[in-house]
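Peer 1: this is a predicted model, with the sequence first.
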Amino acid sequence: MASHNDLGKEGEAMAARWLTEKGYTVLHVNWRHSHYEIDIIATKKEKLHIIEVKARKDSPFGHPEDSVTKRKFKNLQRAADEFLFHNPGYKWMQYDILAITLFPNKEPEYFLLEDVFL
């Protein structure tokens, strides 16, 4: 497996732990339908959260959240539509981006962008 895939899997596991610590209930990690994927699906206070996780090693070339494009977001919306079709009943939903920056000699930095729409 390529190193960026390893980093992605590690980032999703870190994100699931961090979200749980923050009071979220993680329902799915890497939920897939056809060629669509949602990194994390969670709930908190009766709201469904569709969460895109971006992990990146510390770099001068931008922040992890900068890599979420309109095209990526549109695919996330399509995946969420499929999830909701197969799992009806959620009254409130929002899209979030959880960016994780990894540093060589210190703790990772988490940055949660809530209720995102591109």
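Peer 2: Arrived safely, thanks for sending. Numbers count the residues shown, from 1 in each chain.

Peer 1: where does the prediction get shaky in this protein?
Peer 2: Scanning the chain for pLDDT under 70 picks out 1-5.

Peer 1: pull out the buried positions in the helix or strand harbouring Asn30.
Peer 2: Assessed by DSSP states H and E, Asn30 sits inside strand 25-33. Of the residues in strand 25-33, 26, 29, 31 count as buried by neighbour count, 16 or more other Cβ atoms under 10 Å. C-beta coordinates here come from the backbone N, C-alpha and C atoms, glycine included.

Peer 1: check stretch 105-118 too.
Peer 2: 110, 112, 116.

Peer 1: of those residues, closest to Ala15?
Peer 2: Tyr110 (7.9 Å; Cβ to Cβ).

Peer 1: my hunch is that the closest one is in a strand, does that hold up?
Peer 2: Yes - assessed by DSSP: H, G, I helix; E, B strand; the rest coil, Tyr110 belongs to a strand.

Peer 1: wait, what's in contact with it?
Peer 2: 15, 18, 98-100 (Cβ atoms under 8 Å, 6 or more residues apart in numbering).

Peer 1: who does the most centrally placed residue in the chain bridge with?
Peer 2: Compute the mean C-alpha point of the chain, and by Cα atoms, centre = their mean the closest residue is Glu52, 2.4 Å away. For Glu52, the beta-bridge partners under DSSP bridges are Ile97.

Peer 1: ok, now how distant is it from Leu98?
Peer 2: 7 Å (Cβ to Cβ, to the nearest Å).

Peer 1: correct me if wrong: the residue nearest to the centre of the chain contacts Ala99.
Peer 2: No - counting by Cβ atoms under 8 Å, Glu52 does not reach Ala99; the two are 9.2 Å apart.

Peer 1: so what does the longest helix along the chain touch, helix or strand wise?
Peer 2: Taking DSSP state H as the criterion, the chain has its longest helix at helix 3-21. With contacts taken as 3 or more Cβ pairs under 8 Å, 6 or more residues apart in numbering; DSSP states H and E, helix 3-21 sits against strand 25-33, strand 36-44, strand 47-57, strand 92-102.

Peer 1: many thanks, have a good one.
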